[in-house]
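Engineer: I'll drop the sequence and a predicted model, then ask my questions.
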Amino acid sequence: TGGEPQTADNLFGAVSTEFPSMADPLLAKGKAHLIAMTVFGIAASVLLFGVGLHLERLRARTHFQQVAEQRFNTLQSNVAASLDTIRLLAGHFEAVGHRGTSRSSYSTLVAPALADNRHLKALSWAPRVQRQERSAYEHLGRGDGLRGFTIIRADGTVTAAPQQECYFPILYIEPRIRSVLGFDLSSDPVRFAALQQARDTGQATATARVLLLDETDGQYAILVLAPAYHAPHAETLAGRRDSLEGVVIGVLRVGDLIEAARTTQPGAPTLLSVYVLDLSAPKSSRQLYPRSPDIAVEQLNAGLRAEQKFVVGGRTWLIVATPGPGYFGLPSYRGPILSGLLGLAVTGIYFLYLRARIRQSSQMVEYVHALELSQKRLEQSGVDLEERVRMAALGAEIGLVMTQSGNLQAALQGCVDIIVVHLNVAFARIWTVGPGETVLHLQASAGVYTHVDDPHVHVPFGAFKVGRIAELRQPIFTNTVIGDRSEEHTSELQSPCN
């Protein structure tokens, strides 16, 4: 047809530049599916990581609670055993009285208890000594081999106790600590407060934290005092105060209690870091263990943490445990991270696979569309060629009529006849206009209406469609000959000059 040959490259180039791609809807749908699956895969991976992390933390918390609870139970059991020992010893003095127990028999009596309760640092006996009995008791101590025994007090330096109505000197203590013998419990406010409470309630009573007179490790300790009364005695406050024989004192070093409750061998890494606080004490002196540094409970709230409260000699203790340097059950993020990465890897692989399939499908659709378009272009080329042949024949016949006709009207009539035949139209007419005129004159008519003497033989400019064409010098194209005209031209639409 005189154009450039249609190669495959030219043809596919025409597909991409001249026509919208039929693959676009498929590609858009595939991309939407790809995005949805990618988002779902990432969300599932994050969810998998979160669930794994939650389960790992739950496992770690459960394991830690079990380890801490075992430690707490052991500690509580040791304290309870110590208190029972102290009460039993107080019961002994109530039964036999002070004078029925010598220093040697006391040593024999408490030796098994100290062996069974290694966290008990010492067990001692402090009788109540009236002022008039002081000399006799000091003489009794010296007679037991305690050279220079006297009732003393501790106020920074150990000095002899001044004269007062009543004393509670430590007469017996095992293991024997010479510097403590004769120490008057009433000379220390903390010890004396616990003694008074034990005397008035008849119950074993613990002191607030104290530093022992012979302390070398810097540990805090508590004393548990159990009263012993003359038998019988009245179960009233006045009766208890009048009949108090003395008190048995158990010495508990808090650090020793914590070590005794350890579930690992000595020297092994510390599984738990334990903090013991006396909630019955003022805030500034609550911490029993470790001695330093002072740590507020609020500082121990982060991470794994276990706590338990229990009563020791009328005082409420709080024990808090956190993971120690040797604790092996901390949450491991390896599993959740691997799960999340595995989910992301699967998502990535599926993303690449799906994207490749979408591209392949898109290319196939483009290729099929290109083939279809190629076929249509070839068919269109044949139609164009036929049309050109037909138009050439039309032009030739019109030229022949124009040269052979004797007058203009005959020539024009021949032209409209040829137009009706070759263009397969229903109706064709030709009007002419003379120089300086504004009226069209019908010269030829062919098709369904061939008369040239109807009322539309002469059409002024602007009247009907043909008059507007002449007036505006512009063609009119329409697919709805009747429907696109106003009501004033209805008669024209029904007439042949339309």
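Structural biologist: Here it is on my side, so go on.
Engineer: Kindly state the beta-bridge partners for residue 309.
Structural biologist: residue 318 (DSSP bridges).
Engineer: For it, report the pLDDT, please.
Structural biologist: For residue 309, the pLDDT comes out at 92.
Engineer: Tell me how far it lies from residue 361.
Structural biologist: Taking CB to CB, to the nearest Å as the measure, residue 309 and residue 361 are separated by 69 Å. No exception for glycine: its C-beta is placed from N, CA and C like everyone else's.
Engineer: which of the two has more neighbours?
Structural biologist: Under the neighbour definition other CB atoms under 10 Å, residue 309 and residue 361 were set side by side, and residue 361 has more, 15 against 11.
Engineer: confidence score at that one?
Structural biologist: Reading off the per-residue confidence, residue 361 sits at a pLDDT of 77.
Engineer: what helix or strand is it on?
Structural biologist: Element membership for residue 361 (DSSP states H and E) is helix 334-404.
Engineer: Name the residues of whichever helix or strand comes after that helix that are buried.
Structural biologist: Tracing the chain past helix 334-404, the next element assigned as helix or strand by DSSP H and E is helix 408-423. Residues 411, 412, 413, 414, 415, 416, 417, 418, 419, 420 are the ones in helix 408-423 that count as buried (16 or more other CB atoms under 10 Å).
Engineer: same check, this time on stretch 70-82
Structural biologist: Of the residues in stretch 70-82, 71, 72, 74, 75, 76, 78, 79, 82 count as buried by neighbour count, 16+ other CB under 10 Å.
Engineer: count of residues packed around the spatially closest residue to the fourth one that is not a sequence neighbour?
Structural biologist: Read it as residue 75. Taking CB to CB, 6 or more residues apart in numbering as the measure, residue 75 lies nearest to residue 261, with 4.0 Å between them; neighbours along the chain are not counted. When counting by other CB under 10 Å, one arrives at 21 neighbours for residue 261.
Engineer: One more: residue 448?
Structural biologist: 11.
Engineer: on that earlier part again, in terms of distance to residue 141, which of the buried residues of stretch 70-82 ranks first?
Structural biologist: Residue 141 has its nearest neighbour among those in residue 82, at 26.6 Å by CB to CB.
Engineer: three-state assignment of the closest one?
Structural biologist: For residue 82, the reduced secondary structure class is helix; criterion used: DSSP: H, G, I helix; E, B strand; the rest coil.
Engineer: ok, now how distant is residue 441 from residue 50?
Structural biologist: Noted for residue 441: a distance of 92 Å to residue 50, by CB to CB.
Engineer: And for residue 89?
Structural biologist: Between residue 89 and residue 50 the distance is 58 Å, computed by CB to CB.
Engineer: Compare these two and say which is more crowded by neighbours.
Structural biologist: Taking neighbours as other CB under 10 Å, residue 89 and residue 50 compare with residue 89 leading, 23 against 13.
Engineer: so the more buried one is in which element?
Structural biologist: Take DSSP H and E as the rule and residue 89 turns out to sit in helix 23-96.
Engineer: Now do that helix and helix 334-404, the angle between them.
Structural biologist: Using axes from the mean of the first three to the mean of the last three CA atoms, to 10 degrees, one finds that helix 23-96 and helix 334-404 are set 170 degrees apart in direction.
Engineer: What's the first helix or strand after helix 23-96?
Structural biologist: On the C-terminal side of helix 23-96, the nearest following helix or strand under DSSP H and E is helix 103-116.
Engineer: so where's the stretch 101-250 of the chain shaky on pLDDT?
Structural biologist: Screening the stretch 101-250 of the chain residue by residue with the criterion pLDDT under 70, one finds the ranges 155-159.
Engineer: can you give me the helices for it?
Structural biologist: 103-116, 134-143, 189-201, 237-243 (DSSP state H, counting those that start in this stretch).
Engineer: Name the residues that touch the second one?
Structural biologist: With CB atoms under 8 Å, 6 or more residues apart in numbering as the test, helix 134-143 has contacts from 127, 129, 148, 149, 150, 151, 163, 167, 169, 171, 181, 182.
Engineer: Hmm, residue 120 is touching residue 251, no?
Structural biologist: Yes: between residue 120 and residue 251 there is a contact at 6.9 Å, judged by CB atoms under 8 Å.
Engineer: Compare the two and say which one has the larger neighbour count.
Structural biologist: Summary of the neighbour comparison: residue 120 and residue 251, criterion other CB under 10 Å, with residue 120 having more neighbours (25 against 22).
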